[in-house]
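Q: Need coordinates for the following:
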Amino acid sequence: MMTFRPPRILSAVAVTLALAFSSSITLAKPLVVCTEASPDGFDVVQFNSLVTTNASADVIFNGLVALDESSDKVVPALADKWEISPDGLRYTFHLHANVAFQKTDYFSPTRPLDADDVIFTFARMLDPNQPWHKISGPSGFPHAQSMQLPKLIKSIDKVDAQTVRFTLNQPNATFLPILTMGFASIYSAEYADQLLKANHTADLNVKPIGTGPFVLRSYQKDAVIRYDVNPTYWGAKPKIDKLIYAITPDTAVRMQKVKTGECQIALAPKPQDVLGAKNDKKVKVSERPAFMTAFVAINTQHKPFDNPKVRQALNMAFDRATYVKAVFDGTATPAVNPYPAGTWSYAQDIQPYAHDLAQAKKLLADAGYPNGFTTTIWTRPTGSVLNPDPKLSAELLQADLAKIGVTAQVKVIEWGELIRSAKQGQHDLLFMGWAGDNGDPDNFLTPQFSCASVQSGINFARYCDAKLDKLIADGRASTDQATRGASYLKAQQLIHDQALWIPLAYPTAAAVLQPGVEGYTVSPFGRQNFGNVTVN
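A: Numbering: from 1, shown residues only. Below is the predicted model of the structure:
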């Protein structure tokens, strides 16, 4: 063991340097964030939950581009710049020079990021002949499939070591925004080759390597995730020295921990806790309207929900006003359409289904179910921004359905299993929510209502309709916002008429913070950015 013995006399310069060094150490402190659930893993392309994105893409990885949430514009990230051909078919990205992949005890990169890494990242999701494509895991590549990237991208070519070109099969106004999503994080081809040769491919999900600001140090499921600051990070170095996710499913416990200082940030607080925190000097609140929609997905592949009259009856039985007041304590807006009202192309003329028990019973009778039927309601055990009180939510729906003769059993299912089983279409009625990634309406419509998304499992209504599919595709294909909006208005009307969801609420995104936390802003998309956070 080495022992350091300081000299008896220090020069003035040495003292000054020592004090400065000591000051720099004390300025950087660990940040402890109380999160609501465990991630599925750290190989973000395999999964679609926001919890997993927050634990992987948001801290360990970078994409070619990012979204500036203050301006809703796509900005450079691993790509310094890009050009789009006049016909909208070719996107040429120029990579930032000398970007280092993370060095850990299980991987030491021999070269910086280059075009080969970009090509590997997307070939893995798109090319059936790519070795890593065949070992994707049980869910495949849900985002790439639901966003229809295999059909959209014709080729990806290496122009030179620092330049890569994507060629599309048709113009697509959403292509750049799609690349800001977590699943488009860039992976190390060199690390993937190392794992493949060693037959350790499962390590990609537990020992990730990215280019992001934090390096995964350790993970204990249902307990804690520890990250260190990446010493070779190519961007602005975070102002904290460590990041810790304290996995705390119970909302009340998260609030208690942030009040006592065990956590500096508590995510996904209940609306009631947010209201209380605003009057508590021990904490402070960051909040903003969320680009999210809470809903109950109705599985149209299960009888009797294949009948639109039954789906409409459920919408009429549900007392949305009581639900929003009880679950969100008035902090959310009742939902009508798939995405929030502030979004361009939102269909203002569509009115919600009236709360009308008599008409709901008539619709059931017309559909051949005068005495109702039995079904199940699936929900998660712990609260989130999109479902602050899952148990109460499910019980409110259960009671409303009972009034029209529908007997529903509530099933509380652990989050990871809930997602896996719902992707396979095993649910009847599913409490779910969707957080858009980039402010574009297509970020709701394609993953939640396209036919391709039924196959990937993210379309929880399991509804595939050629007319709706074409409306969504037409909206993506045009670069003119008015043309796109016209398609999306028609799509929203069809979704409403078919009653594919029971729309619930447009929530407010919030976090409760210790007073000494500065530089943290809640994202309307549910993403996490700790790059500018300081802890005093």
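Q: Which residue ranges of the stretch 351-500 of the chain form strands?
A: Counting by DSSP state E, counting those that start in this stretch, the stretch 351-500 of the chain has strands at residues 374-379, 407-412, 429-435.
Q: Give me the helices and strands touching the longest one, please.
A: When contacts are defined as 3 or more CB pairs under 8 Å, 6 or more residues apart in numbering; DSSP states H and E, strand 429-435 sits against strand 292-298, strand 374-379, helix 390-402, helix 415-423, helix 442-449. All C-beta spots, glycine's among them, are computed from the backbone N, C-alpha and C.
Q: Those into TSV, with extra columns for distance to Pro352?
A: Converted to TSV, the helices and strands packed on strand 429-435 look like this (distance: least, CB to CB, whole Å):
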stretch	distance to Pro352
strand 292-298	12
strand 374-379	20
helix 390-402	14
helix 415-423	25
helix 442-449	17
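Q: Could you pull out the buried residues of the helix ranked longest in the chain?
A: For the chain, the longest helix by residue count, based on DSSP state H, is helix 481-498. Across helix 481-498, burial judged by 16 or more other CB atoms under 10 Å covers 484-492, 494-496, 498.
Q: Next: stretch 525-536.
A: Neighbour counts over stretch 525-536 (16+ other CB under 10 Å) mark Phe525, Gly526, Arg527, Gln528, Asn529, Phe530, Gly531, Val533, Thr534, Val535 as buried.
Q: how close does the second one sit to Met292?
A: According to CB to CB, to the nearest Å, Gly526 stands 7 Å off from Met292.
Q: Report the set of residues contacting both of those two.
A: Common neighbours of Gly526 and Met292 (criterion: CB atoms under 8 Å, 6 or more residues apart in numbering): Val385, Ala435, Ala509.
Q: Can you tell me which of the strands of the stretch 351-500 of the chain is nearest to Ala246?
A: strand 429-435 (21.8 Å; CB to CB).
Q: Work out for me the element Val285 sits within.
A: strand 284-289 (DSSP states H and E).
Q: got a list of contacts for that strand?
A: Residues contacting strand 284-289 (CB under 8 Å, 6+ apart): 274, 277-278, 340, 342, 506, 508-515, 517, 520-522, 524.
Q: For that strand, list every residue counted as buried.
A: Lys284, Val285, Ser286, Glu287.
Q: CSV for these, including distance to Gln194 and pLDDT?
A: Shown next, in CSV, are the buried residues of strand 284-289 (distance: CB to CB, whole Å; pLDDT from 0 to 100):
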residue, distance to Gln194, pLDDT
Lys284, 45, 96
Val285, 45, 97
Ser286, 40, 96
Glu287, 44, 94
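Q: what's across from Ile247 in the sheet?
A: Beta-bridge partners recorded for Ile247 (DSSP bridges): Thr35.
Q: That one and Asp105: what is the separation?
A: To Asp105, Ile247 is 24 Å away according to CB to CB.
Q: Please name the nearest non-neighbouring residue to Leu364.
A: Of all residues not flanking Leu364 in the chain, Ala313 sits nearest, at 4.8 Å (CB to CB, 6 or more residues apart in numbering).
Q: Would you agree that neighbour falls within a strand?
A: No. Applying DSSP: H, G, I helix; E, B strand; the rest coil, one finds Ala313 to be helix, outside a strand.
Q: Pretty sure Ser136 sits against Leu126.
A: No. Ser136 lies out of contact with Leu126 (CB atoms under 8 Å); the separation is 11.3 Å.
Q: Count the neighbours of the residue nearest to Leu364 for me.
A: 31 (other CB atoms under 10 Å).
Q: got it, and Thr110?
A: 6.
Q: dump the residue contacts of it.
A: Residues in contact with Thr110, defined by CB under 8 Å, 6+ apart, are Glu190.
Q: Next: the one 5 residues further on.
A: For Ala115, the contacting residues are Leu95, Lys158, Val159, Asp160, Ala161, Gln162, Thr163, Val164, by CB under 8 Å, 6+ apart.
Q: let's see 7 Å
A: By CB atoms under 7 Å, 6 or more residues apart in numbering, the residues touching Ala115 are Leu95, Lys158, Ala161, Gln162, Thr163, Val164.
Q: Among the residues you listed, which one has the most neighbours?
A: Val164 (25 neighbours).
Q: residues contacting it?
A: Taking CB under 7 Å, 6+ apart as the test, what Val164 contacts is Phe93, Ala115, Val118, Ile119, Ile156, Asp157, Lys158.
Q: Backbone torsions only: list them for the fifth one.
A: Main-chain torsions, Ile156, degrees, to the nearest 10: phi -130, psi 120.
Q: how far away is Gly261 from Val285?
A: For Gly261 relative to Val285 (CB to CB), the value is 17 Å.
Q: before we move on, what about Ala354?
A: Going from Ala354 to Val285 by CB to CB gives 35 Å.
Q: Give the buried residues for stretch 102-114.
A: Gln102, Thr104, Phe107, Pro109, Pro112, Leu113, Asp114.
Q: Closest to Ala399 out of the residues you listed?
A: Of all these, Ala399 sits closest to Gln102, with 50.8 Å by CB to CB.
Q: for the closest residue to that closest one other than its chain neighbours, what are its contacts?
A: Leaving out its chain neighbours, the residue that sits closest to Gln102 by CB to CB, 6+ apart is Val215, at 4.9 Å. Contact analysis of Val215 by CB under 7 Å, 6+ apart lists Gln102, Thr104, Tyr227, Asp228, Asn230.
Q: name the element Val215 belongs to?
A: Per DSSP H and E: Val215 is located in strand 214-220.
Q: Just the C-alphas of the very next helix or strand once past that strand, formatted as CSV.
A: Per DSSP H and E, the first helix or strand lying C-terminal to strand 214-220 is strand 224-229. Only the C-alpha atoms of strand 224-229 are listed here, as CSV (Å, rounded to 0.1, in the frame of the first residue of the first chain):
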residue,chain,number,x,y,z
VAL,A,224,-29.5,1.0,-7.6
ILE,A,225,-27.7,2.0,-10.8
ARG,A,226,-24.3,3.7,-10.4
TYR,A,227,-22.6,5.7,-13.1
ASP,A,228,-19.2,7.5,-13.2
VAL,A,229,-18.6,10.6,-15.3
